[in-house]
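In: following is a predicted model, sequence given first.
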Amino acid sequence: MEKFDLIVIGFGKAGKTLAGAYANAGHKVAMVERSDQMYGGTCINIGCVPTKALVHRAETFAAASDNLSAEVDGAKQFAAATTFRGKLTDKMRAANLNMLESNPQVTVITGLAKFTGPKTVEVSAGNETLELSAENIVINTGAVSSLVPIPGLKEAKRVITSTEAQMLETRPAKLAVIGGGPIGAEFASLFATFGTEVLLLEAAPKLFGRSDDDVAEAAVEVLQSSGVKAFAGVKITEVTEDDDQITVHYENDGQAETFTADYVLAATGRRPAIDDLNLEAAGIETTERGAVKVDDHLRTNVDGVWAVGDVNGGPQFTYISLDDFRIVLDQLTGEGQRSTADRKAVPNTIYLSVPLASVGMTEKEAREAGKNIKVGTKPTAAVATMPWAKIVQQPVGLLKFVIDADSDQILGAQLLMPNSHEVINLVALAMRYEITATQLAAEIYTHPSATEGIAEVISAAK
Ligand SMILES: Cc1cc2nc3c(=O)[nH]c(=O)nc-3n(C[C@H](O)[C@H](O)[C@H](O)COP(=O)(O)OP(=O)(O)OC[C@H]3O[C@@H](n4cnc5c(N)ncnc54)[C@H](O)[C@@H]3O)c2cc1C
Ligand SMILES: NC(=O)c1ccc[n+]([C@@H]2O[C@H](COP(=O)([O-])OP(=O)(O)OC[C@H]3O[C@@H](n4cnc5c(N)ncnc54)[C@H](O)[C@@H]3O)[C@@H](O)[C@H]2O)c1
């Protein structure tokens, strides 16, 4: 039994950052990761970073095709993009491993971890096992793709998840995507840009249903302009396949339809990765949705055991996992005051060919909450003071601000425009620190830039 001050299970964003920080504070840390292909976790290996590398390459390809008015080979560009993706993740994985391995206080152990008691963990790799113990244990095992119960889906060989989809070396001619959340929408958009024929099927009545209707409609237009055919409110009845192809059977507007493709990408959500942890041995409770149950300090019901990142059932974003790290570090080395209750105005982005970035309330939510509001909305192309969108040849989308008419505080923003994934952070900062809409609009911004357009839209609010 090897004794540590802290065992981290899973090399995710929160866990790796905590391992480094706690080790630097003079403590002995074990980092356990089940796969040598996952040092650094989901984000850098199979999540945010590699997918955005593909999105970026798809956009570069689209711009080149437009500008050269030439037949640029989408299949070739797709293969080059996935090669680039692989090289990028290899480098980042090695750097992440080195970051912890080079720390004399950290031991990186590759193997599957499971609890054997509240303070003990067994790690197994092949026939070998290792027993570890620590006063403090952090669970950071992330999430796994979750398949919905559609007849034929689970058994089919041509059903892939986001992990396999980003590792395809050859561009598929046809792809069916089930689920129009961030994963489905981003993959549909990028594959279609490279020239794959993509059909996106969403069960909910509307695509981008968390946005206001006008924003969601504009986002669907952006998706369609990338070449995606998309339907919402569909019911998928069955998936069948032969050696070479797979067929999705679905009902759309009461009509039975089929789509035959090379692959079906199942993008219907990700569930917390708890199956292998043997949580019962430690007496750790889970929620009805299968997450490790935590309080707002991310403590489980067992003293000295925390759960951070996707596994605790919170919002599945890398920046939330990073904030989880801060909350636990504050308990281990600080005042222990930080909690999830401090979070305010957390933005998110769906990476379409212009990103859809949002923060705070939609107009609908603000009205339902009985707020007295002003709304500023302008199509990207109509924002005269933002030539940036035209310069980068993407004058598409919509900007929308929801403002409290009494306090002048920004209640929310939905930005579907070039670089909105950056601009949204400024809006979120203003919301967090209660900078008023008038103050935000009166700032001095660089020109030409994507940021400067927000002043015009805020000023037009009524
Ligand atoms: C395709 C895709 C795109 C995404 N894009 C974005 C994006 O653009 N922006 C964003 O903010 N978020 C994005 N996300 C979500 C984001 O990647 C996750 O929220 C984030 O990586 C969660 O990290 P984590 O800290 O929970 O742990 P993870 O990074 O998931 O790490 C968990 C680790 O634990 C290991 N593990 C699991 N079980 C065990 C065990 N029993 N023993 C040992 N090790 C174990 C796993 O192998 C894994 O390496 C995306 C996700 C996906 C799948
Ligand atoms: N840009 C980003 O920040 C980013 C990108 C990718 C993933 N992520 C994270 O990863 C998580 C998982 O993403 P996701 O898109 O897989 O999950 P999700 O839960 O966000 O979306 C899944 C979608 O599938 C639909 N669906 C469910 N069953 C269906 C069925 N039978 N037929 C058709 N549609 C069906 C749901 O209605 C939903 O719209 C997200 O919660 C997100 O936080 C974030």
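Out: Okay, I see it. Ligands and ions are numbered 1, 2, ... in the order given.

In: excluding sequence neighbours, find me the nearest residue to whatever residue of the stretch 101-250 of the chain ends up closest to ligand 2.
Out: Nearest residue of the stretch 101-250 of the chain to ligand 2 (CB to the nearest ligand atom) works out as residue 181 at 2.1 Å. All C-beta atoms are positioned from the backbone trio N, CA, C, and that covers glycine. In space, and not counting its chain neighbours, residue 181 is closest to residue 267: 6.3 Å by CB to CB, 6 or more residues apart in numbering.

In: still on that earlier bit, for the residue of the stretch 101-250 of the chain closest to ligand 2, what are phi and psi?
Out: phi -80, psi -170 (degrees, to the nearest 10).

In: start the count at 60 instead of 1 going forward.
Out: New numbering, starting at 60: the last item is residue 240.

In: and it, what does it touch?
Out: 326-328 (CB atoms under 8 Å, 6 or more residues apart in numbering).

In: so what touches stretch 101-115?
Out: 71-72, 96-98, 100, 140-141, 143-144, 147-148, 151-152, 155, 201-202, 221-222, 225, 245-246, 248-249, 369, 377, 380, 410.

In: show me the residues you listed that map onto strands.
Out: residue 202 (DSSP state E).

In: if we check ligand 2, which of the contacts of stretch 101-115 are in contact?
Out: Residues of the contacts of stretch 101-115 in contact with ligand 2 (CB under 6 Å from any ligand atom): 245, 410.

In: just the buried members of the contacts of stretch 101-115?
Out: 71-72, 97-98, 100, 140-141, 144, 148, 151-152, 155, 201-202, 221, 225, 245-246, 248-249, 369, 377, 380, 410 (16 or more other CB atoms under 10 Å).

In: tell me the one of the contacts of residue 240 nearest ligand 1?
Out: residue 326 (8.4 Å).

In: for the stretch 110-259 of the chain, what lies in contact range of ligand 1?
Out: Counting by CB under 6 Å from any ligand atom, the stretch 110-259 of the chain sits next to ligand 1 at 110-111, 171-172, 199-201, 221, 242.

In: show me which residues of the stretch 310-459 of the chain sit near ligand 1.
Out: Going by CB under 6 Å from any ligand atom, the residues of the stretch 310-459 of the chain near ligand 1 are 332, 335-336, 368-370, 375-378, 380.

In: any chance of TSV for the residues you listed, columns pLDDT?
Out: TSV is the format used below for those (pLDDT from 0 to 100):
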residue	pLDDT
332	98
335	98
336	98
368	98
369	98
370	98
375	98
376	98
377	98
378	98
380	98
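
In: make a PyMOL selection of the buried ones in the residues you listed.
Out: Remark: buried members of these, expressed as a PyMOL selection using 16+ other CB under 10 Å:
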select buried, resi 332+336+368+369+370+375+376+377+380
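
In: on that earlier part again, now the residue of the stretch 160-309 of the chain closest to ligand 2: how far from residue 291?
Out: Counting by CB to CB, to the nearest Å, the gap from residue 240 to residue 291 is 12 Å.

In: likewise residue 152?
Out: 37 Å.

In: same question, residue 383
Out: Distance from residue 383 to residue 291, by CB to CB: 33 Å.

In: the more surrounded of the two?
Out: residue 383 (30 against 18; other CB atoms under 10 Å).

In: let me know whether that one touches residue 367 as I believe.
Out: Yes - the pair residue 383 / residue 367 is scored as a contact, 3.8 Å apart, by CB atoms under 8 Å.

In: may I have stretch 403-418 exported as CSV, CA atoms only?
Out: Taking C-alpha atoms only, stretch 403-418 is exported to CSV below (Å, rounded to 0.1, in the frame of the first residue of the first chain):
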residue,chain,number,x,y,z
LYS,A,403,-22.3,34.1,-12.4
ALA,A,404,-22.7,34.8,-16.1
VAL,A,405,-21.0,31.6,-17.4
PRO,A,406,-20.9,31.8,-21.2
ASN,A,407,-21.0,29.0,-23.7
THR,A,408,-20.3,28.7,-27.4
ILE,A,409,-21.3,26.3,-30.2
TYR,A,410,-18.7,26.4,-32.9
LEU,A,411,-20.7,26.7,-36.1
SER,A,412,-19.0,28.4,-39.1
VAL,A,413,-19.7,31.5,-37.2
PRO,A,414,-19.8,30.7,-33.5
LEU,A,415,-23.1,31.0,-31.5
ALA,A,416,-22.0,32.4,-28.1
SER,A,417,-24.4,33.0,-25.3
VAL,A,418,-24.5,34.2,-21.8
